[in-house]
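**Q** the following block contains a protein sequence and its predicted model.
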Amino acid sequence: MFEHFFQCPYCWEEISVLLDPSVSRQTYIEDCEVCCRPIEFQVAFEEGELVEFQASDIEQ
């Protein structure tokens, strides 16, 4: 597992997520551990290295 730190698109707090480098491309939704709002993650790995990370708010 790979720990990655980023800023929540809602509350702007710095938080971390655990990413699985064995899956080359991933898109999933997880709640912010501070404000509990849903964040959409788009993640890509190449040869075990993180090459793309995007954390976006979900407009409802």
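**A** Nice, I can see it.
**Q** look up phi and psi at P9.
**A** phi -70, psi -10 (degrees, to the nearest 10).
**Q** who's in contact with the closest residue in space to it that isn't next to it in sequence?
**A** Leaving aside its chain neighbours, P9 sits nearest to D57 (4.2 Å; criterion: CB to CB, 6 or more residues apart in numbering). Quick note: C-beta positions are derived from backbone N, CA and C, even for glycine. Going by CB atoms under 8 Å, 6 or more residues apart in numbering, D57 touches 9-10, 37, 39-40.
**Q** what's the spacing between the closest residue to C32 other than its chain neighbours and Y28?
**A** Once flanking residues are discounted, C32 sits nearest to C8: 4.6 Å by CB to CB, 6+ apart. Distance, C8 to Y28, by CB to CB, to the nearest Å: 16 Å.
**Q** these two - which one has more neighbours?
**A** C8 (18 against 11; other CB atoms under 10 Å).
**Q** my read: the more buried one touches C36, true?
**A** No - counting by CB atoms under 8 Å, C36 is not a contact partner of C8; they are 10.2 Å apart.
**Q** now for the residue nearest to C32: which residues touch it?
**A** So, once contact is read as CB under 8 Å, 6+ apart, C8 ends up touching 14-15, 32, 34-35, 37, 39, 55.
**Q** let me know the pLDDT of it.
**A** pLDDT for C8: 97.
**Q** count of residues packed around V17?
**A** Other residues close to V17 by other CB under 10 Å number 19.
**Q** just grab the bridge partners of it for me.
**A** H4 (DSSP bridges).
**Q** I'd say it and F6 touch.
**A** Yes - using CB under 8 Å, V17 makes contact with F6 at a distance of 7.3 Å.
**Q** could I get the contacts of D57 as JSON lines with neighbour count, secondary structure and distance to S22?
**A** Shown next, in JSON lines, are those (neighbours: other CB atoms under 10 Å; DSSP: H, G, I helix; E, B strand; the rest coil; distance: CB to CB, whole Å):
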{"residue": "P9", "neighbour count": "15", "secondary structure": "coil", "distance to S22": "26"}
{"residue": "Y10", "neighbour count": "15", "secondary structure": "coil", "distance to S22": "29"}
{"residue": "R37", "neighbour count": "14", "secondary structure": "coil", "distance to S22": "28"}
{"residue": "I39", "neighbour count": "21", "secondary structure": "strand", "distance to S22": "22"}
{"residue": "E40", "neighbour count": "14", "secondary structure": "strand", "distance to S22": "21"}
